[in-house]
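Engineer: Quick one, what's the 3D model for this:
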Amino acid sequence: MQVNTANSQSSGSPSTATTSGQGSSLDYDAFLKLFMAEMKNQDPTAPTSSTEYIAQFATFSQVEQSMQTNTKLDGLLSSLALSQADGIIGRTLTSEDGSVSGKVTAVRIVNGGALADLDSGKSVVLGPGVIIT
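Structural biologist: Numbering: from 1, shown residues only. Just a heads-up that it's a prediction; the model follows:
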């Protein structure tokens, strides 16, 4: 019966808390679909109590706010990396292990952070241990 399926998925059991194949936590879209399916398929003779509904809605609101916070933090980190890029271009950069060194010709923003392109054609991720002179 669909009602049991929807209710069992909302329990937060470890088997439903991850997306298949990725091992990551339940994402925003999946949570929203699960929440809406539960509301549509609830038993009319024994509807969800108002306290359960409010608790689920509060959880939904927290997930939505967390997603918005993550988006804003990503934008802030990108802006910070871009503002620091101006001071790095034209300077000499040496990787953490000392294996790569050269003059910085450009800085790119990628998913993992900032990436410095060197005059030697190599790229170095700007992170802990990188020496800029």
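Engineer: Tell me the pLDDT of Lys72.
Structural biologist: We have a pLDDT of 89 for Lys72.
Engineer: Please apply the same query to Thr45.
Structural biologist: Per-residue confidence at Thr45 stands at 76 (pLDDT).
Engineer: Quick one: low-confidence residue ranges for this structure.
Structural biologist: 1-28, 47-48 (pLDDT under 70).
Engineer: any idea where the strands of this structure begin and end?
Structural biologist: For the chain, applying DSSP state E gives strands covering 92-94, 101-110, 113-118, 123-125, 131-132.
Engineer: Quick one: residues in contact with the last one.
Structural biologist: Put plainly, it is strand 131-132. 88, 91-94, 104 (Cβ atoms under 8 Å, 6 or more residues apart in numbering). Where you see a C-beta, it was placed from the backbone N, CA and C, and this is true even at glycine.
Engineer: With distance to Gln68 added, can I get those residues in JSON lines?
Structural biologist: Below are these laid out as JSON lines (distance: Cβ to Cβ, whole Å):
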{"residue": "Ile88", "distance to Gln68": "30"}
{"residue": "Arg91", "distance to Gln68": "36"}
{"residue": "Thr92", "distance to Gln68": "40"}
{"residue": "Leu93", "distance to Gln68": "35"}
{"residue": "Thr94", "distance to Gln68": "39"}
{"residue": "Val104", "distance to Gln68": "34"}
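Engineer: Buried ones among those residues?
Structural biologist: Among these, those buried by neighbour count (16 or more other Cβ atoms under 10 Å) are 88, 93-94, 104.
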